[in-house]
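*Asks:* mind folding the following:
(one chain, ligands or ions: 1)
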Amino acid sequence: MQHRTSRSRTRHRRAHWKASAPALARCTNPACGKPTPPHRVCAHCGFYRGREALSPLDGDR
Ligand SMILES: [Zn+2]
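*Replies:* Sure thing, here's the model as predicted:
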(Lines give C-alpha, C1' and ligand atoms only; values in the text may rest on other atoms or scores of the structure.)
Protein backbone atom coordinates (compact mmCIF):
# COMPACT_ATOMS: atom_id res chain seq x y z
CA MET A 1 0.00 0.00 0.00
CA GLN A 2 1.22 3.42 -0.80
CA HIS A 3 0.80 6.32 1.49
CA ARG A 4 -0.72 9.66 0.77
CA THR A 5 1.90 12.32 0.21
CA SER A 6 1.53 14.96 2.87
CA ARG A 7 1.33 18.63 1.93
CA SER A 8 4.66 19.13 3.68
CA ARG A 9 6.38 16.40 1.64
CA THR A 10 4.97 17.75 -1.60
CA ARG A 11 6.17 21.23 -0.78
CA HIS A 12 9.59 20.06 0.36
CA ARG A 13 10.03 18.17 -2.91
CA ARG A 14 9.02 21.20 -4.96
CA ALA A 15 11.31 23.47 -2.97
CA HIS A 16 14.24 22.03 -4.95
CA TRP A 17 12.72 22.95 -8.30
CA LYS A 18 14.43 26.29 -8.89
CA ALA A 19 15.00 28.35 -11.97
CA SER A 20 18.70 28.46 -12.71
CA ALA A 21 20.46 31.65 -13.63
CA PRO A 22 20.86 31.98 -17.40
CA ALA A 23 24.26 30.83 -18.63
CA LEU A 24 26.21 33.82 -19.86
CA ALA A 25 29.58 34.01 -21.50
CA ARG A 26 31.36 37.14 -22.67
CA CYS A 27 30.86 38.32 -26.22
CA THR A 28 33.83 37.37 -28.40
CA ASN A 29 33.96 40.87 -29.87
CA PRO A 30 36.60 42.77 -27.87
CA ALA A 31 34.79 46.02 -28.67
CA CYS A 32 31.53 44.67 -27.22
CA GLY A 33 32.26 42.27 -24.34
CA LYS A 34 28.62 42.14 -23.32
CA PRO A 35 27.35 39.02 -21.57
CA THR A 36 25.69 36.81 -24.15
CA PRO A 37 24.59 33.14 -24.06
CA PRO A 38 27.34 30.74 -25.16
CA HIS A 39 27.14 29.29 -28.72
CA ARG A 40 24.92 32.17 -29.79
CA VAL A 41 25.55 35.11 -32.06
CA CYS A 42 25.82 38.19 -29.87
CA ALA A 43 22.55 40.13 -29.85
CA HIS A 44 24.37 43.40 -29.29
CA CYS A 45 26.92 43.36 -32.10
CA GLY A 46 26.18 40.21 -34.16
CA PHE A 47 29.58 38.64 -33.57
CA TYR A 48 30.15 34.93 -33.25
CA ARG A 49 33.57 33.36 -32.54
CA GLY A 50 35.42 36.59 -33.21
CA ARG A 51 34.09 37.04 -36.76
CA GLU A 52 30.96 36.03 -38.67
CA ALA A 53 29.29 39.41 -38.46
CA LEU A 54 25.53 39.53 -38.62
CA SER A 55 23.77 42.83 -38.23
CA PRO A 56 21.50 42.81 -35.17
CA LEU A 57 19.09 44.92 -37.21
CA ASP A 58 18.74 42.76 -40.33
CA GLY A 59 16.56 39.87 -39.35
CA ASP A 60 15.22 38.95 -42.80
CA ARG A 61 17.64 36.09 -43.33
ZN1 LIG B 1 28.77 41.58 -28.82
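
*Asks:* what does the chain have sitting close to the ion?
*Replies:* Within the chain, the positions near the ion by C-beta under 5 Å from the ion are 27, 29, 32, 42, 44, 45, 47. From N, CA and C alone the C-beta is placed, and that goes for glycine too.

*Asks:* ok, now how distant is the first one from residue 36?
*Replies:* By that I understand residue 27. Distance, residue 27 to residue 36, using C-beta to C-beta, to the nearest Å: 5 Å.

*Asks:* the closest residue to residue 49 other than its chain neighbours in helix, strand or coil?
*Replies:* Sequence neighbours aside, residue 28 is the residue nearest to residue 49 in space, at 5.7 Å (criterion: C-beta to C-beta, 6 or more residues apart in numbering). Classification of residue 28 by DSSP: H, G, I helix; E, B strand; the rest coil places it in coil.
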